[in-house]
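1. Please find the sequence and the predicted model below.
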Amino acid sequence: MEILKNDYLSIIISSVAVYLFMIFAIRLFGKKELSQLSVIDLVFILLISNSVQNAMVGNNTTLWGGLVAASALFVFNFMMKQAIYHFPSLSKFIQGEAILLVYKGNMKIENMHRTRITHEELMEAVREHGVNSISDVDLAMLEVDGNISILSKDFHQKTIRKRKVHKAITKHQ
């Protein structure tokens, strides 16, 4: 029984270590990639999950070993969300901050370079939000979740990518 407890404790510690590594790696490679998954990114995510599985469960491929690893990830994820909620500085460290891309029709070139967002990608986001040109954008922000929010000079056109419900609501008003 003692060996079994050590095996499960090892799974818990390994799972949390992999979780922290993945947060660090995603944070290091930038938030832009979070919302704009290409085929290459999807394959990468699938392969990463497979590659770290053995690091979490080791030789224990039993149902209980998998459940312990999943439970450890759920519990640690809950604890991280609570810590981020209660400690804004931790949230800023882990998730970063929203970054200004356009202000009153003027692109913030330094921020675009820092976030590796091209002019074409910004224009795509502007068009997705129903705005004709950068000069019509009052505010564009790269959000912490990787989405680009656009606020046009016509404040009735505020949208956030992936929130199609908002567009449907404004059509009925």
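-> Sure, I can see it. Just so it is clear, the model here is predicted, and its values are computed rather than measured.

2. For residue 67, give its distance to residue 73.
-> Going from residue 67 to residue 73 by C-beta to C-beta, to the nearest Å gives 11 Å. (C-beta placed from N, C-alpha, C; glycine too.)

3. make that residue 149, sorry
-> From residue 149 to residue 73 the distance is 30 Å (C-beta to C-beta).

4. cool, and residue 16?
-> From residue 16 to residue 73 the distance is 8 Å (C-beta to C-beta).

5. More neighbours: these two, which one.
-> Neighbours were tallied for residue 16 and for residue 73 using other C-beta atoms under 10 Å; the higher tally belongs to residue 16 (19 against 16).

6. dump the residue contacts of the residue lying closest to the more buried one once chain neighbours are set aside.
-> Among residues not flanking residue 16 along the chain, residue 76 sits closest, at 5.1 Å (C-beta to C-beta, 6 or more residues apart in numbering). Residues near residue 76 by C-beta atoms under 8 Å, 6 or more residues apart in numbering: 15, 16, 19.

7. Now residue 40: which helix or strand?
-> Per DSSP states H and E, residue 40 falls inside helix 39-57.

8. just the angle between the next helix-or-strand element following that helix and helix 39-57, please?
-> Next helix or strand after helix 39-57 toward the C-terminus (DSSP H and E): helix 63-86. Helix 63-86 runs at 110 degrees relative to helix 39-57, counting by axes from the mean of the first three to the mean of the last three C-alpha atoms, to 10 degrees.

9. Show me how far helix 63-86 is from its chain's centre.
-> 18 Å (C-alpha atoms, centre = their mean, to the nearest Å).

10. What ranges in this structure fall below the confidence cut-off?
-> 1-5, 29-39, 42, 154-173 (pLDDT under 70).

11. domain assignment for it?
-> Split into domains by automatic domain parsing, the chain comes to 2-95, 99-171.
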